[in-house]
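# Quick one, structure for this:
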Amino acid sequence: MTTLKTIKSDSNTGAAEVLLLRRVADRDRAAFDELFRNYHSRLFSFLFRLTRSHGAAEELANDVLLTLWKDAGRFRGESKVSTWIFGIAYRQALAHLRKRKLKLVSIMDHDAMVGESESQFEREEWVRQGIEALPPKLKLTVMLVYFLGLSCEETANASGVPVSTVKTRMFHARKRMKVHLTASGVPENWQEDKKND
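Predicted coordinates:
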């Protein structure tokens, strides 16, 4: 049996995922099928928002899951299983984008905004444009923190960088977004509203 470092789990879900990953490491096909069902759609959604390509997102999601099948025994338990999995997705997406020299796309889908008020749409458009203008590493960090809801520590684990780097990237992303919003002519009253949120 493959040995994985014992981890402290503060939830049944976390412990169940570690157990599931251990079974995958032991080449349990049923466990892999369950992991696939649990993560494929979330991975696809994350990767599609980055690449804006159905084919690329599907290929990358499958590549991530294949990596899990091959490397499940490498999980050291230093993070949540989900953080580890999205770390693999992060690295593969970054490599794909560098290789293909594709632009990352926004985390916002115009189709999802149908029915929104015009002012809400304008606000979201300003934010979307600001996110699109960020360099890839800043944009991926913003995606991990805001789209996936990872903490700075989890984002650091997923990105393979120190927590201080994540915080620095978030600082620079916010700073660039503020410059973008100011340059885009965001109404002052909206900026005041955001300060009160």
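
# show me where this protein has helices.
Listed from the start of the chain, the chain has helices (DSSP state H) covering 12-25, 29-51, 54-71, 81-100, 118-132, 136-142, 152-159, 163-183, 188-196.

# tell me the contacts of the spatially closest residue to Arg176 that is not a sequence neighbour?
Using CB to CB, 6 or more residues apart in numbering and skipping the chain neighbours, the partner closest in space to Arg176 is Leu134 (6.0 Å). (Glycine included, C-beta is placed from N, CA and C.) Under the criterion of CB atoms under 8 Å, 6 or more residues apart in numbering, the contact partners of Leu134 comprise 104, 142, 173, 176-177.

# List just the nearest of the residues you listed to Thr51.
Closest approach to Thr51 among the contacts of Leu134 (CB to CB): Leu104, at 7.9 Å.

# Apart from its neighbours in sequence, what residue is nearest Tyr90?
Here the nearest residue to Tyr90 in space, its sequence neighbours aside, is Ala158; by CB to CB, 6+ apart that works out to 5.2 Å.

# From Asn38, how far off is the one you found?
Plainly put, Ala158 is 17 Å away from Asn38 if you go by CB to CB, to the nearest Å.

# Neighbour count: those two, which is higher?
Applying other CB atoms under 10 Å to Ala158 and Asn38 shows that Ala158 carries more neighbours, namely 26 against 15.

# For the more buried one, list the residues it contacts.
Residues touching Ala158, when contacts are defined by CB under 8 Å, 6+ apart, comprise 79, 83-84, 86-87, 90, 144, 150.

# 10 Å instead?
Taking CB atoms under 10 Å, 6 or more residues apart in numbering, we find Ala158 in contact with 79-80, 82-91, 140-141, 144, 148, 150, 166.

# ditto for Arg29
In this structure, Arg29 makes contact with 23, 69, judged by CB under 10 Å, 6+ apart.

# give the contact list for the residue nearest the centre of the chain.
For the chain, the residue whose C-alpha lies nearest the mean C-alpha position (CA atoms, centre = their mean) is Leu144; its distance is 3.4 Å. Applying CB under 10 Å, 6+ apart, we find Leu144 in contact with 46, 83, 86-87, 89-90, 150-152, 154-156, 158-159, 166, 169.

# Show me which of these are buried.
Among the contacts of Leu144, those classed as buried by neighbour count (16 or more other CB atoms under 10 Å) are 46, 83, 86-87, 89-90, 150, 152, 154-156, 158-159, 166, 169.

# Let me know the pLDDT of the residue nearest to Arg176.
On pLDDT, Leu134 comes in at 83.
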